[in-house]
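> no FASTA, just this:
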């Protein structure tokens, strides 16, 4: 497992090779024990459990019955799984495409020293304080075709008054509500990162005649690289596991059109009491999320980076 | 932990939920159940809790043992119960919906068969869902909740029409209200409200083929979905949708205040097919409308159908069941309180219509006696009271059924596809 190998503390000699000052020794293995134990009990053990259950039939009442690869062969021939994976992917891409640019712009803007900035930032960050359940219930009311926004501003929804009644509409609504809820969080990340960019870089650029737009693309964005990766990883992993908003806003509907993988898993386990098959979906999700985050780390070269202050 | 593992840990939280229940499956040995002793009683959080609390307090002073009431919030009640039933934390008495929700527990040997003598105290049509394979395993503990048509009196008066008595009336009314720009029927078609669409299917199938068709399905003969009455029902629904009986945007409408109930009270919709609790919802939102503007009438008959027009569908009532964890005598004695005059009157005062034989004389104490009497008569005169299909079948079969019904209403599926998809949903 990736975690097991990489979380092992680096030996003293290697630590020194890595340009750490000789006086600053890395802590011993003992320091890692609490964290490791926590990880074992609450992450590794359940994962092993899920893997085991995916080879059984279990209704939650009787003892799990071993059924070999039955769940898995069903999984790979289930047309719903393909559709769910596709919708999960669409939601993921949609969320990143909408959230990332807006959060970067908002975050960079709110890092400045403009008038009213603090007041406006506070307003922007408000959705962060609401729980997903409250957000979903509120938006369900706001999207009501007879008394909500679509009844007055139907044009905003492409002329339809039935935004949750079609697949495209339901997906768009999910992206809209998720973005509304999480853009503040990502903006906060970018705000912190933008404030850490040394002012001297901008001064130098200004002397060389770079305008605001050029400064943004040639200084701000490259300097935010690590934060972009962090924020994207959050979005990817969050998108793969988030199902509460789907449960409350669309309940996987219309029909099964927005039944994303985590929602299918929940429904299989807690609505139809087929824990074995739900575990197969869970195991697949786990694999998907791990691959995505490992890939993201490797592709971005995040694991090799040492300094974020490039050019200094 | 390093970055990868931490992130991995985050991703694993979804999986954790699943496996936490693994530890919950521990031992299923029943506690030694003596004659009297302590009993845990799990109930759902709702307005009748004070009545139950009073009953428990009175019971505990009689010396037949001690009942401890645990009130559990409605979200997740079924999940919590399911997990506890497989474990040593199993309650002795628990509130439930009867029907299919009890099947698995009976099969797993968790429930105790109750004394047949109890049946004399309740209306027969309300007892059916408390039985599994002919054995009585649940007794009614709440009011009855039949489904019928609610209508806006003012909208009907303005149009100069009467509530429908037959299906032909109903389709005529659809045209009348369409012309007037009023949605004929408010319908909550959002996926989380698809149980409101199920009510239409239940009534049409019952009117066309009688209760026997669904009874066969519930008893395990899944091929009965091929009955022509099912296909005809699906076609009738498609026609209703195509004729605009539910308006154009029902797919995004939610049930309740702010959704269907507001549509009805504001006169934007003429009728709604709903359970008896609609009255309480209207009362909460617009007390004046509930008192003066809200009309109610039984679901119309369908010409040429085999079902008795007096048949009712809905939730016959809720039930209390006894598990093997409860001391026998304490449990048996406590069940007697559910038909005592005190308990029944308590329910009546909360606006419930209890299904006990002594309820009729107490109905005068209801907040709206006329409404209470209407429901009591409806249920008492009904030759059959079919339990809501999703409750009767249990969630395992009911969940995919609801999805298919939603697709049918939404036009994502045809009547023929609906029948074949439902047939294929049982593995």
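Received, thanks. Being a predicted model, the structure only gives us computed values, none of them experimental. Numbering: from 1, shown residues only, chains lettered A, B, ... in the order given.

> for the closest residue to residue B:148 other than its chain neighbours, list the residues it contacts.
Distance criterion CB to CB, 6 or more residues apart in numbering or on different chains; nearest residue to residue B:148, sequence neighbours excluded, is residue B:298 at 5.3 Å. Where you see a C-beta, it was placed from the backbone N, CA and C, and this is true even at glycine. Taking CB atoms under 8 Å, 6 or more residues apart in numbering or on different chains as the criterion, residue B:298 is in contact with B:148, B:149, B:309, B:310, B:312, B:378.

> hmm, which helix or strand of chain B has the shakiest average pLDDT?
helix B:3-23 (a mean of 41; mean pLDDT, DSSP states H and E).

> ok, the residue nearest to residue B:148 to residue B:378 distance?
From residue B:298 across to residue B:378, the span is 6 Å (CB to CB, to the nearest Å).

> and residue A:266, what does it touch?
Residue A:266 makes contact with A:243, A:247, A:278 under the criterion CB under 8 Å, 6+ apart.

> circling back to that earlier point, narrow the contacts of residue B:298 to those in helices?
residue B:378 (DSSP state H).

> can you tell me which two in the contacts of residue B:298 are farthest apart?
B:149 and B:310 (14.5 Å; CB to CB).

> those two: which has the busier surroundings?
residue B:149 (19 against 12; other CB atoms under 10 Å in any protein chain shown).

> looks like that one contacts residue B:312 (just checking).
No. Using CB atoms under 8 Å, residue B:149 makes no contact with residue B:312, being 12.0 Å away.

> strands - which of the contacts of residue B:298 land there?
B:148, B:149, B:312 (DSSP state E).

> low-confidence regions, chain B specifically.
Counting by pLDDT under 70, the ranges of chain B that qualify are B:1-34, B:427.

> could you redo the last one with a cut-off of 80?
Per-residue confidence for chain B (pLDDT under 80) gives these ranges: B:1-34, B:74-76, B:86, B:256-258, B:427.

> just give the nearest non-adjacent residue to the residue nearest the centre of it, would you?
Centroid-nearest residue in chain B, with CA atoms, centre = their mean: residue B:315, separated by 3.7 Å. Leaving aside its chain neighbours, residue B:315 sits nearest to residue B:145 (4.1 Å; criterion: CB to CB, 6+ apart).

> what's around that neighbour, how many residues?
20.

> count of neighbours near whatever residue of the stretch 51-200 of chain A ends up closest to chain B?
Nearest to chain B in the stretch 51-200 of chain A, going by CB to the nearest CB, is residue A:165, at a distance of 2.4 Å. Neighbours of residue A:165 under the rule other CB under 10 Å: 26.

> cool, residue A:300 as well?
So residue A:300, with other CB under 10 Å, has 17 neighbours.

> which parts of the stretch 1-150 of chain A are helices?
A:2-6, A:12-17, A:33-39, A:45-53, A:70-77, A:79-110, A:117-124, A:132-142, A:149-152 (DSSP state H, counting those that start in this stretch).

> quick one: the third one near chain B?
Okay, so that is helix A:33-39. Yes. Using CB under 8 Å from any CB of the partner chain, helix A:33-39 reaches chain B at A:35, A:36, A:39.

> show me which of the residues you listed is closest to residue A:146.
residue A:39 (49.8 Å).

> pLDDT score assigned to that closest one?
pLDDT, residue A:39: 92.

> again, but for the one 4 residues further on
In the prediction, the pLDDT value recorded for residue A:43 is 90.

> pull the number of nearby residues for it.
Quick note: residue A:43 (other CB under 10 Å) scores 22 neighbours.

> I'd like the distance between it and residue A:36.
From residue A:43 to residue A:36 the distance is 10 Å (CB to CB).

> kindly report the same for residue A:244.
Distance from residue A:244 to residue A:36, by CB to CB: 30 Å.

> which positions within stretch B:128-147 qualify as buried?
B:128-132, B:136-147 (16 or more other CB atoms under 10 Å in any protein chain shown).

> same check, this time on stretch A:33-48
In stretch A:33-48, counting by 16+ other CB under 10 Å, buried: A:36, A:39, A:42, A:43, A:44, A:46, A:47.

> now swap in stretch B:378-389 and tell me
B:378, B:379, B:380, B:382, B:384, B:385, B:386, B:387, B:388, B:389.

> pull the contacting residues for the last one.
For residue B:389, the set of contacting residues under the criterion of CB under 8 Å, 6+ apart consists of B:198, B:201, B:202, B:214, B:398, B:401.

> try it again with 6 Å
By CB atoms under 6 Å, 6 or more residues apart in numbering or on different chains, the contact set of residue B:389 is residue B:202.

> with the fifth one instead?
The contact partners of residue B:384, by CB under 6 Å, 6+ apart, come to B:211, B:311.

> ramachandran angles for it?
The phi/psi pair for residue B:384 (degrees, to the nearest 10) reads phi -150, psi 140.

> buried ones in the host helix or strand of residue B:401?
Here residue B:401 sits within helix B:395-410, counting by DSSP states H and E. Neighbour-count burial for helix B:395-410, counted by 16+ other CB under 10 Å, picks out B:395-410.

> ok, residue 259 - contacts?
Just going to use chain A. Contacts of residue A:259 (CB under 6 Å, 6+ apart): A:84, A:252.

> other chain: chain B
Contacts of residue B:259 (CB under 6 Å, 6+ apart): B:188, B:253.

> any idea how far it is from residue A:130?
Relative to residue A:130, and taking CB to CB, residue B:259 is found at 21 Å.

> just residue B:356 next, same as before
Counting by CB to CB - residue B:356 and residue A:130 are separated by 45 Å.

> which one's more surrounded, those two?
More crowded of residue B:356 and residue A:130, by other CB under 10 Å: residue B:356, with 21 against 15.

> and the more buried one, its phi and psi?
Dihedral angles (degrees, to the nearest 10) for residue B:356: phi -90, psi 160.

> how about the nearest residue to it, chain neighbours excluded?
residue B:339 (4.6 Å).

> so what's the residue count around the one you found?
Neighbours of residue B:339 (other CB under 10 Å): 21.

> now do residue A:255
21.

> name all residues that make contact with residue A:111.
By CB under 6 Å, 6+ apart, the contact set of residue A:111 is A:191, A:194, A:195.

> which strand or helix spans the first one?
Element membership for residue A:191, per DSSP H and E: helix A:167-195.

> for that helix, packing partners?
Judged by 3 or more CB pairs under 6 Å, 6 or more residues apart in numbering or on different chains; DSSP states H and E, helix A:167-195 is in contact with helix A:79-110, helix A:225-241.
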